[in-house]
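Engineer: sequence and predicted structure, then a few things I'm wondering about:
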Amino acid sequence: MSGSERYKALKGMHDIMPPDIYLWQRTEGIAREIFSSYGFQEIRPPVVESTGIFTRSIGENTDIVEKEMYTFSDKAGRSISLRPEGTASVVRCYVENNLHTLPAPQKFSYAGPMFRYERPQSGRFRQFYQIGVEAFGSPHPETDAELLSMLRHFLGRLGLRSLHFQVNSIGCPACRPAYREALLGFFSDRIETLCPDCRRRYGQNPLRILDCKVERCVEMRKGAPAVTDYLCQDCRSHFERLCSLLELLGISHTVNPEMVRGLDYYTRTTFEVTSENLGAQNTVAAGGRYDRLVKEFGGPDTPAIGFAIGMERLIDLIKLSAEHRPPAPEVFIATIGEQAVTEGMLLAEKLRISGLWVETGDPVSSLKSQMRRADRLAAGYVLVLGEDEIRSGKIQWKRFADSTQGEIGLSGVCDFILNKA
Ligand SMILES: [Zn+2]
Ligand SMILES: [Zn+2]
């Protein structure tokens, strides 16, 4: 490479670095632990799929597919896309591997990067991360309630408070046509005042007008018919049962008939968890039922439900809700002189094998500068090993937390640290 060109990450792409990475790892670890206690097993689909998988499931006329997908031709001229969300890939995997032949319900979780070519703005990235779950094979509202309970459990374990659960039912193919007609009727004399996107939505999927964030559209839809008034008997009893289960589980929630979610594949239950601490972009997690998607993908008729959580926003919230100190080395070994450097290295290896995070000082630095580094790292214990110590077989220790210090025999130092650290 010639010259001094400095590369930058692509617009909207970000590095996840220390100290934030510790919050990410902790969050992912808690997700794994809690989701598996509800029987969700991790799967890892590829991040690139045939474009058709997303256009088919998310919907041709959605913003995601129309404006935001990273779509390329590969060398063989096939249209491929970076996944903009996780559900479509998981459904593809479920159908492709005939997972419906296993006892239902089959429950999966995933975590990883998603890609959308959005205008980068605060809290939105072109490569962003989601954790999600999908449960296949249960049409029952008990499954919906269990999923929401698991979500609450997870967010609670992360220490998040003042969360707001919103639920809705957007009906099924039996009852949605009547609602669609009612919406078309309601908006028919206001089409001209809607934003250009909503004017288009009017012809394609008027439900999505309810999702529009443009102020005049929000204004225009006041008094629009509520989807919950148009549910068929089956959808109504499913939703009523869900709401009463949520009561029983102590999950306080509101019914928001405007919450239709932006994707084509949802049926019946939709839900969102929002936080007041996130400003306008306040959705932490969202999901819903998609009872027809497996069949759309060529599988047998299989009801399903899932949710996804945006990691970046979740991490922002965790940061707002509590102070988090990144981990620090448990031990720092400062050494002076060649023999001490060797002894220090052996001791460091012994302690690391026992599971401790151990840093060693730069062998040619002064003791003073090594101590400065130990201080900056906030190491739990500093051990000082010089020629005197080698000769006397004793080592100096100092504890960062309370500045206590002392001396201990070289042979006993490992046990001493392991008992205290
Ligand atoms: Zn229905
Ligand atoms: Zn609009």
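Structural biologist: Received, thanks. Residues are numbered from 1 along each chain as shown. Ligands and ions are numbered 1, 2, ... in the order given.
Engineer: tell me the contacts of Leu410?
Structural biologist: Leu410 is in contact with 343, 347, 389, 393-395, counting by C-beta atoms under 8 Å, 6 or more residues apart in numbering. (Glycine included, C-beta is placed from N, CA and C.)
Engineer: next: Leu194.
Structural biologist: Contact partners of Leu194, counting by C-beta under 8 Å, 6+ apart, are 187, 202, 209, 212, 216-217, 220.
Engineer: now the two most distant members of the residues you listed.
Structural biologist: Greatest spatial distance in the contacts of Leu194: Tyr202 and Arg216, 14.2 Å, computed using C-beta to C-beta.
Engineer: for the two, work out which one has more neighbours and name it.
Structural biologist: Neighbour totals were compared for Tyr202 and Arg216, and Tyr202 leads with 18 against 13 (other C-beta atoms under 10 Å).
Engineer: now that one. Its backbone dihedrals?
Structural biologist: Dihedral angles of Tyr202 (phi, psi; degrees, to the nearest 10) stand at phi -50, psi -40.
Engineer: go on, Thr254?
Structural biologist: Taking degrees, to the nearest 10 as the convention, Thr254 sits at phi -120, psi 150.
Engineer: repeat that for Ile309.
Structural biologist: Residue torsions, per degrees, to the nearest 10, at Ile309 are phi -120, psi 130.
Engineer: hang on, it packs against Phe128?
Structural biologist: No. The pair Ile309 / Phe128 is not scored as a contact, 11.1 Å apart, by C-beta atoms under 8 Å.
Engineer: those two: which is more packed in?
Structural biologist: Neighbours per residue, other C-beta under 10 Å: of Ile309 and Phe128, the larger number sits with Ile309, 23 against 20.
Engineer: helix or strand for the closest residue to the more buried one other than its chain neighbours, which one?
Structural biologist: The shortest distance from Ile309 to any non-neighbouring residue, by C-beta to C-beta, 6 or more residues apart in numbering, is to Ala285 (4.3 Å). Using DSSP states H and E, Ala285 maps to strand 283-289.
Engineer: chain center to that strand, what's the gap?
Structural biologist: Remark: strand 283-289 is offset 11 Å from the chain centroid, using C-alpha atoms, centre = their mean, to the nearest Å.
Engineer: low-scoring stretches of this structure, by residue?
Structural biologist: 1-3, 122-123, 262-264, 278-281, 421 (pLDDT under 70).
Engineer: can you give the domain ranges for this structure?
Structural biologist: According to automatic domain parsing, the chain comprises the domains 20-162+255-321, 331-420.
Engineer: pick the most buried one from the ones you listed.
Structural biologist: The highest average neighbour count among those, using mean count of other C-beta atoms under 10 Å, belongs to domain 20-162+255-321 at a mean of 18.
Engineer: quickly check: that one near ligand 1 or not.
Structural biologist: No. Judged by C-beta under 5 Å from the ion, domain 20-162+255-321 makes no contact with ligand 1; its nearest approach is 7.3 Å.
Engineer: ok, back up a step: could you dump the contacts of Leu194 into TSV and include secondary structure and distance to ligand 2?
Structural biologist: Supplementary listing: the contacts of Leu194 in TSV, determined by DSSP: H, G, I helix; E, B strand; the rest coil; distance: C-beta to the ion, whole Å:
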residue	secondary structure	distance to ligand 2
Phe187	helix	10
Tyr202	helix	10
Ile209	helix	6
Cys212	coil	3
Arg216	helix	7
Cys217	helix	3
Met220	helix	8
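Engineer: ranges for the helices of the stretch 251-400 of the chain?
Structural biologist: Along the stretch 251-400 of the chain, counting by DSSP state H, counting those that start in this stretch, helices occupy 293-296, 311-321, 338-353, 367-377, 387-392.
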